[in-house]
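Colleague: this one's sequence-less:
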């Protein structure tokens with residue numbers, strides 16, 4: 001349900017907004033207005049389900065506002081600081097749902113909104129004449145068929161992966177399906193009717209056939225929003241949507257066509273949608289070019305390159321159905337991870353993880369926003385990791401330069417000093433050197449020993465100890481392996 005708040009006191013508008021439990025009531029705030037004239041204009045243009053308004057306002061008072069909107073199907077709630085009987089009496093006369101006095105009670109306000117929601121839900125379910133006829137296998141339906149208008153039936157199959165299924169959960173699912181359907185399709189469909197039968201939810205659409213593509217896209221958006229709702233129940237629910245081809249006249253057999261389509265996908269354990277489309281729809285995107293841009297963005301740490309390209313791809317695929325958008329997104333993710341894998345290893349599971357996050361998006365617009373966010377975060381993380389690795393490696397080298405000749409030096413002692421794990425330090429050495437940690441230490445010790453053999457008269461045993469070896473025989477073995485000469489031979493040649 002959509003809501004508009006009208007009050008000339010800005011702080012009252014924000015207070016009302018703060019008091020409402022939008023998520024629980026499944027209410028969307030369109031906007032807030034601060035005088036009756038702009039409020040009335042917004043009501044006529046945006047057609048909210050509920051309006052919360054003050055009585056006394058500049059330009060147009062609350063009662064006049066309600067009078068002007070009497071032909072619209074809107075539930076009004078009046079907020080007022082006045083207890084006068086005439087205000088309440090007039091408000092009730094025009095069908096106002098409730099007359100709330102300031103200071104506003106949070107409990108009373110939310111209870112009133114809940115009552116409106118329940119009333120509207122019941123009203124929608126009760127007024128399902130056409131679809132009820134179909135379920136009774138009665139094709140003798142009196143209906144004013146319009147030129148260029150067609151029917152379609154949507155079937156939403158709900159799979160319950162839970163032992164906690166109860167009437168309350170079924171009610172929540174039913175209300176959610178109605179609410180999401182209304183928000184996605186009410187402006188496109190001339191008629192919307194519902195029928196709930198166990199795990200199947202049927203929606204009958206009657207719409208102008210010229211809007212067929214928009215209807216398909218709205219059904220796709222409905223799928224996205226159902227998937228986001230699914231995760232609120234920790235994957236205990238699954239959905240699949242089947243949509244029949246459009247047809248001019250009603251026939252109960254169409255119910256089974258929609259049902260079969262929804263089962264077709266759910267039985268494959270897919271969260272999918274069948275759309276009525278005679279064309280093989282393909283996305284517009286040069287994946288080779290996108291791959292090159294990914295590489296440039298990663299190497300140059302320039303996320304703007306990706307942002308611009310994704311915006312370009314989005315603009316060129318605005319008419320793409322939702323299920324095809326996911327194909328495009330998956331291909332874009334694959335190209336990105338192929339390129340970033342050059343610099344940091346990623347398993348294929350990362351594509352699935354990213355795709356799962358994107359699938360939580362409640363609209364196509366948010367799908368692209370989520371894609372941008374994931375790719376930019378990966379680039380930032382990679383570059384931050386590279387910077388941190390460089391700093392950590394430099395700290396390790398500085399410590400080694402000062403302590404390599406100590407017999408106790410090891411991966412463990414250095415790692416402890418710079419507050420990292422020995423295994424991580426070992427990986428840094430492999431990444432930044434042609435040799436491992438032990439060979440790196442050995443090279444530095446042999447280099448120092450060679451210098452001492454050339455420039456000093458110290459005994460070989462003393463040199464061995466000073467460069468880190470207590471056993472002179474072991475030192476001699478290490479030195480010869482590195483230089484092909486014994487220490488004594490090296491001294492004779494170069495000393």
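Modeller: Okay, I see it. Note that the coordinates shown come from a computational prediction; the quantities given were computed from them, not determined experimentally.
Colleague: can we go C-alpha only for contacts and neighbour counts from here?
Modeller: Noted.
Colleague: Centre of the chain to the host helix or strand of residue 447, how far?
Modeller: Secondary-structure element containing residue 447, defined by DSSP states H and E: helix 437-455. Helix 437-455 has its average C-alpha position 56 Å from the chain's average C-alpha position, going by CA atoms, centre = their mean, to the nearest Å.
Colleague: what packs against that helix?
Modeller: Under the contact criterion of 3 or more CA pairs under 8 Å, 6 or more residues apart in numbering; DSSP states H and E, helix 437-455 touches helix 422-432, helix 460-466, helix 472-483, helix 487-494.
Colleague: and those helices, which is most packed in?
Modeller: Among these, ranked by average contacts under mean count of other CA atoms under 10 Å, first place goes to helix 460-466 (a mean of 18).
Colleague: I'd like to know the average pLDDT value across it.
Modeller: Helix 460-466 carries an average pLDDT of 93.
Colleague: just checking, what packs against that helix?
Modeller: If contacts are counted by 3+ CA pairs under 8 Å, 6+ apart, helix 460-466 sits against helix 437-455, helix 472-483.
Colleague: export those to a markdown table and tack on distance to residue 78 and mean pLDDT?
Modeller: Formatted as a markdown table, these follow (distance: least, CA to CA, whole Å; pLDDT from 0 to 100):
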| stretch | distance to residue 78 | mean pLDDT |
| --- | --- | --- |
| helix 437-455 | 76 | 91 |
| helix 472-483 | 91 | 92 |
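Colleague: Tell me how far residue 79 lies from residue 22.
Modeller: Distance check for residue 79 against residue 22: by CA to CA, to the nearest Å, it reads 18 Å.
Colleague: For those two, work out which one has more neighbours and name it.
Modeller: Between residue 79 and residue 22, counting by other CA atoms under 10 Å, residue 79 is the more crowded of the two (24 against 16).
Colleague: Next, the more buried one: secondary structure please.
Modeller: Applying DSSP: H, G, I helix; E, B strand; the rest coil to residue 79 yields a three-state assignment of strand.
Colleague: quick one, what contacts it?
Modeller: Listed by CA atoms under 8 Å, 6 or more residues apart in numbering, the contact partners of residue 79 are 52-55, 99-102, 104.
Colleague: Grab the longest strand from this structure for me.
Modeller: When the chain is parsed with DSSP state E, its longest strand is strand 149-160.
Colleague: Specify the beta-bridge partners of the residue lying closest to residue 53 once chain neighbours are set aside.
Modeller: Using CA to CA, 6 or more residues apart in numbering and skipping residues adjacent in sequence, the residue nearest residue 53 is residue 6, 4.6 Å away. Beta bridges link residue 6 to residue 33, residue 53, judged by DSSP bridges.
Colleague: number of nearby residues for residue 6?
Modeller: If you count neighbours by other CA under 10 Å, residue 6 ends up with 26.
Colleague: swap in residue 331?
Modeller: For residue 331, the tally of surrounding residues (other CA under 10 Å) stands at 14.
Colleague: so which strand or helix has it?
Modeller: When elements are assigned from DSSP H and E, residue 331 belongs to helix 322-340.
Colleague: Settle this for me: residue 448 is touching residue 467, isn't it.
Modeller: Yes. Contact between residue 448 and residue 467 holds when scored by CA atoms under 8 Å: they sit 6.9 Å apart.
Colleague: Those two: who's more crowded?
Modeller: residue 467 (22 against 15).
Colleague: Can you pull the phi/psi pair for the residue lying closest to the more buried one once chain neighbours are set aside?
Modeller: Spatial nearest neighbour of residue 467, excluding adjacent residues (CA to CA, 6+ apart): residue 405 at 4.4 Å. Note on residue 405: backbone dihedrals following degrees, to the nearest 10 are phi -80, psi 0.
Colleague: Could you do residue 202 as well?
Modeller: phi -110, psi 140.
Colleague: Measure how buried it is and give me the count.
Modeller: Residues near residue 202, counting by other CA under 10 Å, number 23.
Colleague: Tell me who's in contact with it.
Modeller: 153-156, 194-196, 255.
Colleague: Out of those, the closest to residue 425 would be?
Modeller: Distance to residue 425 across the contacts of residue 202 (CA to CA) is lowest for residue 156, with 53.7 Å.
Colleague: can you confirm residue 239 is in a strand?
Modeller: Yes. Secondary structure assignment places residue 239 in a strand (three-state DSSP).
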